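K.L.:
Can you look at this prediction? I've put the sequence above it.
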Amino acid sequence: MDARLLHVSDLHVGAHQQRDAEQALARLVERLEPQLVVASGDLAHRGRSQQLERAAEFLRSLGPPVLAVPGNHDLPYAWTRFVRPWTEFERIWETTEPTASAPRLHVVGLNSVRPFRHQGGAVSNAQLERAAERLGAAVPGALRVAVLHHHLIGAPWRAARKRPVSRRNRVLGTLVDAGADLILAGHIHQAAVSERHEFEVVGDEARAAVVAIAPGLGQPRPRRLGEARGLHIHEADADAIVVRTFRWAHGDWTLGAERRFLRS
Ligand SMILES: [Fe+2]
Ligand SMILES: [Fe+2]
């Protein structure tokens with residue numbers, strides 16, 4: 001495979017102890033050697049500096065470069081969320097909309113969090129335009145990936161309380177038109193993986209684009225049955241994108257599913 005990335009989401013650092021899961025993830029990274037770690041938000045549980053720092057420290061300790069975008073839980077739980085929502089996040093990660101390139105891989109992050117809404121997310125036209133430009137800067141042949149926190153597709157039984165990103169058809173259409181092969185998100189703490197032709201009529205000629213929502217790496221509400229714990233490994237070559245779902249089982253990240261999407 002030409003490109004390999006680890007996608008984690010919803011760590012919710014500060015909500016609970018997760019040393020065993022963190023150690024198991026370090027072992028998985030050592031074994032699979034992803035070129036990049038992508039973290040799609042809710043790194044912290046209450047947006048506290050200490051929690052954000054601890055999350056960054058853990059993600060960076062894994063070894064590969066890390067690309068992180070914020071989730072709604074990364075906003076401060078104080079009035080500052082309305083005036084300086086991203087001071088801490090930017091201090092640690094420099095930006096809420098990063099771009100990262102690795103061999104055969106080009107990843108563009110978008111900030112879908114809105115300080116005035118707790119659950120719902122949105123992406124403005126200006127953000128989409130910038131993301132399209134950044135996707136266009138990929139070297140030919142690289143897997144082009146877009147990342148945001150709020151989901152574009154739902155898991156089969158997620159409660160309606162968590163709605164997909166606003167104007168999701170426009171968000172999806174713009175990113176795919178700009179060349180995105182793979183679109184990653186989190187927020188619902190459940191896995192959902194699909195190729196665009198499976199849920200939308202876009203014509204036989206349209207390129208394949210895979211949308212993948214990662215389950216939560218953390219489990220901040222252990223009694224909520226509709227929240228699974230897991231992560232994704234994405235691999236791609238010229239022929240296919242392969243998504244492997246690992247879930248937390250038997251005290252380790254355990255492979256549960258492998259989905260292969262043909263690209264032509
Ligand atoms: Fe979350
Ligand atoms: Fe979230």
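P.N.:
Yep, it's here. Ligands and ions are numbered 1, 2, ... in the order given.
K.L.:
Please report phi then psi for the closest residue to ligand 2 within the stretch 101-250 of the chain.
P.N.:
Residue of the stretch 101-250 of the chain nearest ligand 2, by CB to the ion: His187 (3.9 Å). C-betas here are computed from N, CA, C, even on glycine. Phi and psi for His187, reported as degrees, to the nearest 10, are phi 80, psi -40.
K.L.:
Spell out which parts of the stretch 51-200 of the chain neighbour ligand 2.
P.N.:
Contact residues, the stretch 51-200 of the chain versus ligand 2 (CB under 5 Å from the ion): 71-72, 187.
K.L.:
Secondary structure of Ala55: a strand, I assume?
P.N.:
No - according to DSSP: H, G, I helix; E, B strand; the rest coil, Ala55 belongs to no strand; its state is helix.
K.L.:
Surely it touches Ala44?
P.N.:
Yes - at 5.8 Å, Ala55 counts as touching Ala44 under the criterion of CB atoms under 8 Å.
K.L.:
the more surrounded of the two?
P.N.:
Of the pair Ala55 and Ala44, Ala44 is the one with more neighbours under other CB atoms under 10 Å, namely 29 against 24.
K.L.:
Quick check: Thr174 vs Arg163, distance?
P.N.:
Thr174 sits at a distance of 19 Å from Arg163 (criterion: CB to CB, to the nearest Å).
K.L.:
Please say which of the two ends up with more neighbours.
P.N.:
More crowded of Thr174 and Arg163, by other CB under 10 Å: Thr174, with 20 against 17.
K.L.:
For that one, give me phi and psi.
P.N.:
Dihedral pair for Thr174: phi -60, psi -40, per degrees, to the nearest 10.
K.L.:
list the contacts for it?
P.N.:
128, 131-132 (CB atoms under 8 Å, 6 or more residues apart in numbering).
K.L.:
Out of those, who's the most crowded?
P.N.:
In terms of neighbours by other CB under 10 Å, the contacts of Thr174 top out with Ala131 at 24 neighbours.
K.L.:
Provide a list of residues in contact with Phe89.
P.N.:
Taking CB under 8 Å, 6+ apart, we find Phe89 in contact with 52, 70, 74, 96.
K.L.:
Can you pull out the residues in contact with the one helix or strand in the chain whose mean pLDDT sits lowest?
P.N.:
Lowest on mean pLDDT, DSSP states H and E among the helices and strands of the chain sits helix 80-83, with a mean of 85. Contacts with helix 80-83, where a contact means CB under 8 Å, 6+ apart, come from 47, 75, 87, 115-116.
K.L.:
Columns secondary structure on top of those, output as CSV?
P.N.:
As requested, the contacts of helix 80-83 are arranged in CSV below (three-state DSSP):
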residue, secondary structure
Gly47, coil
Leu75, coil
Thr87, helix
Pro115, coil
Phe116, coil
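K.L.:
Output those residues in CSV, with pLDDT and neighbour count appended to each entry.
P.N.:
Shown next, in CSV, are the contacts of helix 80-83 (pLDDT from 0 to 100; neighbours: other CB atoms under 10 Å):
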residue, pLDDT, neighbour count
Gly47, 94, 24
Leu75, 95, 22
Thr87, 95, 12
Pro115, 88, 15
Phe116, 85, 8
